[in-house]
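Asker: with the input below, show me the fold.
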Amino acid sequence: MQLAWLCSAPKRSEKDDNPKPRINSLKEGSTAGNLPDALPFLVMCFDLIGRCKSAGMGRVPVGWTDVDSFCNRSGYDLTGWESEQLIKMSADFCYMLHKAGDLQCPPPYRESVDEDDTDTIQEIHKNVDRKLDQLFGK
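Answerer: Model (predicted):
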């Protein structure tokens, strides 16, 4: 999810015809650019399989047939669990890529929050409140 957030290029204004990926606009040393730990083999397979597919209405996650084709053609013998993880990673990537099109979308993974980043802190608080309301049915 963090990778999709970094790759997304939200428009800064209505007239922004050439938005730049978030990763290019982060402040030097920002923790928002850090990725969580992951198994290197799965990350490599995720990159090789293509992260997601293009469809008529946008990007869609890879599925079982895509993973099966990848295994057959690449020679990588993935376990069922590894295959499931690739499919889940792809679904999460597509979801966050769509959600991160909003300029105010906070990063899904952050090691810490910079004190001068009050907008992000407020957005995180709103998201936590919204999720708690959903959980407890308010």
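Asker: would you mind listing where the chain has pLDDT under the threshold?
Answerer: 110-121, 138 (pLDDT under 70).
Asker: for it, which segments count as strands?
Answerer: 53-55, 58-60 (DSSP state E).
Asker: need these in JSON lines with mean neighbour count, can you?
Answerer: (Glycine included, C-beta is placed from N, CA and C.) Shown next, in JSON lines, are the strands of the chain (neighbours: other CB atoms under 10 Å):
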{"stretch": "strand 53-55", "mean neighbour count": "11"}
{"stretch": "strand 58-60", "mean neighbour count": "13"}
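Asker: need those strands in CSV with distance to residue 39, can you?
Answerer: As requested, the strands of the chain are exported to CSV (distance: least, CB to CB, whole Å):
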stretch, distance to residue 39
strand 53-55, 23
strand 58-60, 23
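Asker: any idea which of these gets closest to residue 12?
Answerer: strand 58-60 (21.2 Å; CB to CB).
Asker: can you pull the contacts of the most centrally placed residue in the chain?
Answerer: Nearest to the geometric centre of the chain sits residue 1, at 2.4 Å (CA atoms, centre = their mean). Neighbouring residues of residue 1 by CB atoms under 8 Å, 6 or more residues apart in numbering: 92, 93, 95, 96, 108, 109.
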